[in-house]
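Visitor: quick check, what structure comes out for this input:
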Amino acid sequence: MGVPEIEDAALLFVFGYNGADSHPIVARRIVRAKEKGAKIICADPRIIETARIADMHLQLKGGTNLLLVNALANTIIEEGLCDYDFIEQHSSGFDEFKEVVKVYTPESVAGRTGIAAEDIRKAARMYATSGRSMILYGMGVCQFGQAVDVVKTLANLTIMTGNLGRPSVGIGPVRGQNNVQGACDMGALPNVYPGYQSVTVPEIKAKFEKAWGAKLSDQPGFTLTMVPHQVLHEKDPAKQVHAYYILGEDPAQSDPDLAEVRESLEKCEFVVLQDIYMNKTGQYADVILPATGWCEHEGVYTCCDRGFQRFRKIIEPTGDVKRDWDIISQISTAMGYPMKYNNTEEIWNELIELCPNFAGATYEKIEKFGSIQWPCRDKSDSDRGTVYLHKGGKCSNPDGKAKFFATEWRPPQELENEEYPLALCTVREVGHYSVRTMTGNCRTLRNLEDEPGWVQISHEDAEALGIKHRELVRISSKRGSVITRANVTPRVKKGAVYMTYQWWIGACNELTNSVFDPISKTPEYKYCACKVEKIPNQAEAWEAVNKTLTDLRSSMRINVKRKGVSV
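Guide: Residues are numbered from 1 along each chain as shown. So this is what the prediction gives:
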């Protein structure tokens, strides 16, 4: 599906996705859909902006995603709301799927999800009968230990209702970071070459070896989140990580269990950071390679809907900085593998020659039409790309059919207990982006919002703990402890707290758990056990926050004066 299609859906099922904070432009499409008459179902533990305009808000308890989706599927089957013609012609595995979800009745999951059975049934009927239902999901689905299972199960809903392969239907992953789609397109995943071509297929491997004039491994590499384990705990010498080359990433801020991350960075024999600003990871780097920013070079981004878009240089860079691809080329050449390009179009032409799904997306065509969505296989203007996938119900499996997937629900790895009675979930906010490497260097944004960040907490929990709005509090888990400000709000339910992950002092990833989805290796950022404590001496706490921040900036050689904060 394409992003513009969102506003023409008859129903939007927004699951674990907070567009207003994460992607304001996409959120505007959701608002336009509402203005055009679309119904909206929002599944989220908090009262986010989408929930405020939704026809139904399914305010489920964190960690119960699969329970809810299986119950929706159960209702659609039991009430005869399936598109049986579509299922018969374009899918396989439906009988096995029915067998698994038959026990997930709305009544059986109501207590654990916190959603009334009749509300689950009503939502299922709305989704199944709208005629053009579209699912949007975000990190509230992806950042769990059972993330891939939930994505596949959401896809089941599209198959069983025939909401697939037509305009303004289907399922849309709205990516969590800038150009995630593009990085994956380019082969930044450890198991594929560019264009999602598997490293384990001999013919594909041979094609890239011939093009690059190099011998390549047929073994998948490691995901970023596996690096600490490979450095600290791996016993097999062939699998140990000794050097870490980090481009445009800040694992010392964004990865879970930061104490373990710091230990791995300290133990790693050689760490290289390539970025546009100093960040926390830079403290552990042996070499820092300064790169140009987005407005100082040109190239191609991929939007979350697979749309290739060109961007252009606005200003000339100053100082000793180079383009990312130029840095890589020079290092490669110095290491004995000559690599030279004159411009990004040469790089792009190499890419599309090696990737059948990208072959028709030439610079000329992108320039002419503004955006080309892959697959685009023909260089002629008649192929302008693919707005939505699976046209006519045809899927990429060998038999051309969609496969139903079903599995049992698993609870999050770390549940609340007597010592840590609250559930912590990491979230985003609209004021700053990601780990603040860029937005934290914007004076205007810093003046609007600065350290030490916030923890969203319910009125009931705050009252029980004697905590007032805006007070500094201490929040702890088994892995660490940080100070942050209390945001006492009616938008969250009792028993759960929420923190954004970009703050250096209130760094919530000091607390998060390094449990991964077994397939995607994405951490379970959305659930771990914690406790929140009142700090009696607020003046002393503010003094500690300011000193810690000043010392941190000094150690990172960041010459930025911080205005003192008073209580």
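Visitor: so what touches the helix or strand that contains I135?
Guide: Take DSSP states H and E as the rule and I135 turns out to sit in strand 133-137. With Cβ atoms under 8 Å, 6 or more residues apart in numbering as the contact definition, strand 133-137 has outside contacts at 1, 5-6, 9-17, 19, 30, 127, 151, 154, 157-158, 161, 163, 168-174. In short, each C-beta sits where N, CA and C put it, glycine included.
Visitor: pLDDT weak spots in the stretch 101-250 of the chain?
Guide: In the predicted model, the stretch 101-250 of the chain carries pLDDT under 70 at residues 178.
Visitor: just the buried residues of the helix or strand of the chain with the lowest mean pLDDT, please?
Guide: Using mean pLDDT, DSSP states H and E, helix 443-448 stands out as the lowest-scoring helix or strand of the chain, at a mean of 82. Buried residues in helix 443-448, counted by 16 or more other Cβ atoms under 10 Å: L445, R446.
Visitor: what's in contact with that helix?
Guide: For helix 443-448, with Cβ under 8 Å, 6+ apart as the criterion, the contacting residues are G431, H432, T439, G440.
Visitor: correct me, but the third one touches Y433?
Guide: Yes - using Cβ atoms under 8 Å, T439 is in contact with Y433, at 4.7 Å.
Visitor: one step back: what's the closest of the contacts of helix 443-448 to G466?
Guide: Minimum separation from G466 among these (Cβ to Cβ) is found for G431, which lies at 28.1 Å.
Visitor: before we move on, what SS does the closest one have?
Guide: Reducing the assignment at G431 to three states with DSSP: H, G, I helix; E, B strand; the rest coil gives coil.
Visitor: need the contact list for it.
Guide: Residues counted as contacts of G431 (Cβ under 8 Å, 6+ apart) are T439, L445, L448, E449.
Visitor: now swap in I25 and tell me
Guide: I25 neighbours (Cβ under 8 Å, 6+ apart): none.
Visitor: wait, is it part of a helix?
Guide: Yes - inclusion of I25 in a helix is indicated when three-state DSSP is applied.
Visitor: would you mind listing the buried residues in stretch 201-218?
Guide: Of the residues in stretch 201-218, those buried under the neighbour-count criterion (16+ other Cβ under 10 Å) are I204, K205, F208.
Visitor: try stretch 217-229
Guide: Of the residues in stretch 217-229, those scored as buried under the neighbour-count criterion (16+ other Cβ under 10 Å) are T225, M226, V227, P228, H229.
Visitor: for the closest residue in space to M499 that isn't next to it in sequence, what are phi and psi?
Guide: On the basis of Cβ to Cβ, 6 or more residues apart in numbering, the spatially nearest residue to M499 that is not a chain neighbour turns out to be C508, at 3.7 Å. Per-residue torsions, C508: phi -70, psi -20 (degrees, to the nearest 10).
Visitor: what is the neighbour count of C508?
Guide: Burial of C508, expressed as a neighbour count using other Cβ atoms under 10 Å, amounts to 29.
Visitor: one more: C355?
Guide: The tally of other residues near C355 (other Cβ under 10 Å) stands at 21.
Visitor: does it touch Q197 like I think?
Guide: Yes - using Cβ under 8 Å, C355 and Q197 qualify as a contacting pair, with a distance of 7.1 Å.
Visitor: quick revisit: list buried residues within the contacts of helix 443-448.
Guide: Of all those considered here, the ones buried according to neighbour count by 16+ other Cβ under 10 Å are H432, T439, G440.
Visitor: list the residues that contact the first one.
Guide: H432 makes contact with T439, G440, L445, E449, T500, Q502, according to Cβ under 8 Å, 6+ apart.
Visitor: span of stretch 483-495 from start to end?
Guide: Its first and final residues considered, stretch 483-495 spans 19 Å by Cα to Cα, to the nearest Å.
Visitor: so for it, what gets flagged as buried?
Guide: Counting neighbours by 16+ other Cβ under 10 Å, one finds that the buried residues in stretch 483-495 are I483, T484, R485, A486, N487, V488, T489, R491, V492, K493, G495.
Visitor: check what pLDDT the last one gets.
Guide: At G495, the pLDDT value in this model is 96.
Visitor: my guess is it meets L424, correct?
Guide: No - under the criterion of Cβ under 8 Å, G495 lies out of contact with L424, with a separation of 10.9 Å.
Visitor: overlap in contacts, the two.
Guide: Looking at what touches both G495 and L424 (by Cβ under 8 Å, 6+ apart), there is no common residue.
Visitor: that older thread, now do the shared contacts for T439 and Y433.
Guide: Contact with both T439 and Y433 is made by residues Q502, according to Cβ under 8 Å, 6+ apart.
Visitor: show me the contacts for the closest residue to D320 other than its chain neighbours.
Guide: Of all residues beyond its chain neighbours, the one nearest D320 is P290 (6.2 Å), with distances taken as Cβ to Cβ, 6+ apart. Residues touching P290, when contacts are defined by Cβ under 8 Å, 6+ apart, comprise D275, I276, G319, D320, V321, K322.
Visitor: just the buried subset of the residues you listed, please.
Guide: The neighbour-count test (16+ other Cβ under 10 Å) marks D275, I276, V321, K322 as buried among the contacts of P290.
Visitor: quick one: which of these is nearest to G385?
Guide: Using Cβ to Cβ, the shortest approach to G385 within the buried ones among the contacts of P290 belongs to I276, at 30.5 Å.
Visitor: distance check, that closest one against T344.
Guide: Using Cβ to Cβ, to the nearest Å, one gets 17 Å for the distance from I276 to T344.
Visitor: wait, doesn't A73 sit right on I159?
Guide: No - at 10.0 Å, A73 does not count as touching I159 under the criterion of Cβ under 8 Å.
Visitor: give me the local confidence score for M278.
Guide: We note a pLDDT of 89 for M278 in this prediction.
Visitor: just list the residues touching the nearest residue to it once chain neighbours are set aside, thanks.
Guide: Here the nearest residue to M278 in space, its sequence neighbours aside, is M556; by Cβ to Cβ, 6+ apart that works out to 5.2 Å. Listed by Cβ under 8 Å, 6+ apart, the contact set of M556 reads M278, N279, K280, G282, Q283.
Visitor: next one: phi and psi at M556?
Guide: Torsion angles, degrees, to the nearest 10, at M556: phi -90, psi 0.
Visitor: bridging residues for the residue nearest to D320?
Guide: Each beta-bridge partner of P290 is listed here: D275, as defined by DSSP bridges.
Visitor: that one and Q274: what is the separation?
Guide: P290 sits 8 Å away from Q274, taking Cβ to Cβ as the criterion.
Visitor: and A243, by the same measure?
Guide: Counting by Cβ to Cβ, the gap from A243 to Q274 is 13 Å.
Visitor: the two: which has the busier surroundings?
Guide: Remark: of A243 and Q274, Q274 carries more neighbours, 20 against 11, as counted by other Cβ under 10 Å.
Visitor: pLDDT wise, what is the more buried one at?
Guide: We have a pLDDT of 96 for Q274.
Visitor: now do the helices in the stretch 251-400 of the chain.
Guide: Along the stretch 251-400 of the chain, the stretches classed as helices by DSSP state H, counting those that start in this stretch are 251-254, 258-267, 324-334, 344-354, 363-369.
Visitor: what's the second one packed up against?
Guide: Other elements packing on helix 258-267 under the criterion 3 or more Cβ pairs under 8 Å, 6 or more residues apart in numbering; DSSP states H and E are helix 227-232, helix 251-254.
Visitor: what are the buried residues along that helix?
Guide: Going by neighbour count (16+ other Cβ under 10 Å), the buried part of helix 258-267 is L258, E260, V261, R262, S264, L265.
Visitor: so how far is that helix from its chain's centroid?
Guide: What separates the centre of helix 258-267 from the centre of its chain is 23 Å, taken as Cα atoms, centre = their mean, to the nearest Å.
Visitor: which residue ranges of the stretch 451-567 of the chain form strands?
Guide: When secondary structure is read from DSSP state E, counting those that start in this stretch, the stretch 451-567 of the chain shows strands at 454-457, 472-476, 481-488, 496-500, 528-534.
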